[in-house]
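>>> Provide a 3D model corresponding to the input given below.
(chains A and B)
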Amino acid sequence: MNTLLAILWKDLVSEWRSRDRVVAMALFSFLVVIVLHFALPDVDPVEVRRLAPGLLWVAYVFAALLGLNRAFALELENEALSALAMAPADRGFVFLGKAAANFVLLAVVQFATAVVFGLAFALDLVPVAVPLAGVVALGSLGICSVGTLFSAVAVRTRYREVMLPLLILPLLVPVLLGAVSATAALLQGESLPSASIQLLVVTDAVFLIVSFLGFDYVLDE
Amino acid sequence: MTAIPDSAIDRGARALVLPTGILLAVLAGAWLAAVARAPLDSVQGVIQKILYVHPPLAFAAYAGFALTALGGAFFLWRGDEAWDHLARAAAEVGVLFCTLVVVTGPIWAKGTWGRWWSWDLRLTITLLLWFVYLAYLLLRSFTEGNERAARFAAVYGIAGLAVIPLNYFALDLAGGRSMHPENLQRSNLGAGMGWPFALGALVCLVAFAHLLARRIEVEALRSALAERVARAPRGLEHG
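A predicted model of the protein is given here:
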């Protein structure tokens, strides 16, 4: 548990000092929102409500990929990744610390993106803010678990920036389907569909277990 | 040829190459004859004959992906390189069969449904699996160091298998409009169609076993060669 908090604290402090990752992720996802806006000129408000959940999650996934690609970049310098691997700590908790840091950074970016998204598409997200935050958190948990695991893999391959999306996008389909359908229900003014929430919870649990156990094998000896 | 690491999997694969090859040659002939003689479907016509090819290919593809995850899991558990030979060979052969599934399916769909593709539950899951195992092969070729590539790939192969039931649940939730014919039951097959179908399944599984054995043999030879080069006296590496 101490390992988790130590890694989380280390990542957040180093991000706070440079702020480069969060700024890059946020700018990128704002640009995605703007591009999406111009890709759909003259949509009426009813159509926007129908399309918005998918568009919002496209922006979230792109931002997450950008951030996750950098998650282990700092550790590569000065062989810090080897030091992490040799540290007398359970590697599963090292993983949880890294994943938690990614989750926090992504949450900050997601909040800012939601604000920009609401402005760009003239959507009032405030009335559904609380349940929406819950859905986004469940979605992010799935993205950050497999994302952190395979970020540690991709960072030590050739074409690392290309490798990460190729690895995790096909795995993220259940997360995205669950998150988009739950978001859609919220934007239509319905209550949260329990089947989508179940799907998200089960997927998060499976991904967390696989990543927690798998992380032991992706660090070098 | 002394003390080159050899394991039951590598030896077994080598022993299987010839018998599966002979069996395949015999069965493939019988299968072609059976398919040619099978009665024409009264509704679909000749395009129905894809039934003798498409589902058997899918059985082999799924067998490949299951063996990839199994081989990966045993590699992580036991650390024996031969399990990785199995996983890698099964992934490559599985992707080959899966590609054929994804190609033969739309040919039938265009003739019967009138369009090449539908976002049907089974089609989507197979497509996603295909992407997962293509990424698996890319990951292997983009990672330096055999042992590291094997570990990375094993973890990814297991994650790829774990996601199948989740996809099933997810796509079912998303509508799951299923147009794909249900799993075959004996009663669904017309008279005279059972035999060619059974033969097709057998041929594809034997072809899968044959290719798998050959691929494992290549992998075993490659690691034996690497071992010899590593042991060779300095300066003789290329001799």
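
>>> now do the SS call for the residue positioned nearest the centre of chain B.
Closest to where the C-alpha atoms of chain B average out (Cα atoms, centre = their mean) is B:G94, at 2.2 Å. Secondary structure assignment for B:G94 (DSSP: H, G, I helix; E, B strand; the rest coil): helix.

>>> quick one: residues contacting it.
Going by Cβ atoms under 8 Å, 6 or more residues apart in numbering or on different chains, B:G94 touches B:A60, B:A61, B:Y62, B:A63, B:G64, B:F65, B:L67, B:T68, B:Y133. Heads up, the C-betas are built off the backbone N, CA and C, glycines and all.

>>> and the next element down the chain from the biggest helix by length in chain A?
Taking DSSP state H as the criterion, chain A has its longest helix at helix A:91-120. Moving toward the C-terminus from helix A:91-120, the next helix or strand (DSSP states H and E) is helix A:129-154.

>>> could I get the buried residue list for that following helix?
A:131-132, A:135-136, A:138-154 (16 or more other Cβ atoms under 10 Å in any protein chain shown).

>>> before we move on, the earlier item: so what does the longest helix of chain A touch, helix or strand wise?
Applying 3 or more Cβ pairs under 8 Å, 6 or more residues apart in numbering or on different chains; DSSP states H and E, one finds that helix A:91-120 contacts helix A:2-18, helix A:20-39, helix A:45-69, helix A:129-154, helix A:194-218.

>>> apply 10 Å and report the result again.
Helix A:91-120 sits against helix A:2-18, helix A:20-39, helix A:45-69, helix A:80-86, helix A:129-154, helix A:194-218, with contacts defined as 3 or more Cβ pairs under 10 Å, 6 or more residues apart in numbering or on different chains; DSSP states H and E.

>>> return the set of buried residues in that helix.
Of the residues in helix A:91-120, A:91-106, A:109-110, A:112-114, A:116-118, A:120 count as buried by neighbour count, 16+ other Cβ under 10 Å.

>>> looking at that helix now, give me its mean pLDDT.
Averaged over helix A:91-120, pLDDT sits at 94.

>>> on that earlier part again, list just the nearest of the contacts of B:G94 to chain A.
Nearest to chain A out of the contacts of B:G94 is B:Y133 (Cβ to the nearest Cβ; 9.3 Å).

>>> how many neighbours does the closest one have?
B:Y133 has 25 neighbours, counted by other Cβ atoms under 10 Å in any protein chain shown.

>>> export the contacts of B:G94 to CSV and tack on secondary structure?
Output for the contacts of B:G94, formatted as CSV (three-state DSSP):
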residue, secondary structure
B:A60, helix
B:A61, helix
B:Y62, helix
B:A63, helix
B:G64, helix
B:F65, helix
B:L67, helix
B:T68, helix
B:Y133, helix
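
>>> do you know how far A:V109 is from A:V23?
The gap separating A:V109 from A:V23 is 9 Å, by Cβ to Cβ, to the nearest Å.

>>> next one: B:V206
Distance of B:V206 to A:V23, given as Cβ to Cβ: 58 Å.

>>> between these two, which has more neighbouring residues?
A direct count of neighbours by other Cβ under 10 Å for B:V206 and A:V23 places B:V206 higher, at 21 against 12.

>>> wait, isn't the more buried one in contact with B:L23?
Yes - the pair B:V206 / B:L23 is scored as a contact, 5.3 Å apart, by Cβ atoms under 10 Å.

>>> got any ranges where chain B has weak pLDDT?
Scanning chain B for pLDDT under 70 picks out the ranges B:1-6, B:175-178, B:182-188, B:234-239.

>>> in it, where's the longest helix?
helix B:194-231.

>>> please compute how far that helix lies from its chain's middle.
10 Å (Cα atoms, centre = their mean, to the nearest Å).

>>> what does stretch A:135-144 give?
6 Å.

>>> again, but for stretch A:93-113
Distance, centroid of stretch A:93-113 to centroid of chain: 7 Å (Cα atoms, centre = their mean).

>>> ok, stretch A:26-45 next?
Distance, centroid of stretch A:26-45 to centroid of chain: 19 Å (Cα atoms, centre = their mean).

>>> in that stretch, what's buried?
Here stretch A:26-45 shows A:A26, A:F28, A:S29, A:F30, A:V32, A:V33, A:L36, A:H37 as buried, counting by 16+ other Cβ under 10 Å.

>>> before we move on, back to that, out of the contacts of B:G94, who has the most neighbours?
Busiest of the contacts of B:G94 [other Cβ under 10 Å] is B:T68, holding 30 neighbours.

>>> separation between that residue and A:A80?
Relative to A:A80, and taking Cβ to Cβ, B:T68 is found at 32 Å.

>>> one more: A:D11?
12 Å.

>>> the two: which has the busier surroundings?
Per other Cβ under 10 Å, whichever of A:D11 and A:A80 has more neighbours is A:D11, with 21 against 12.

>>> quick check: buried residues in the strand or helix carrying A:P165?
According to DSSP H and E, A:P165 maps onto helix A:160-168. Neighbour counts using 16+ other Cβ under 10 Å place A:R160, A:M163, A:L164, A:P165, A:L166, A:L167, A:I168 of helix A:160-168 among the buried residues.
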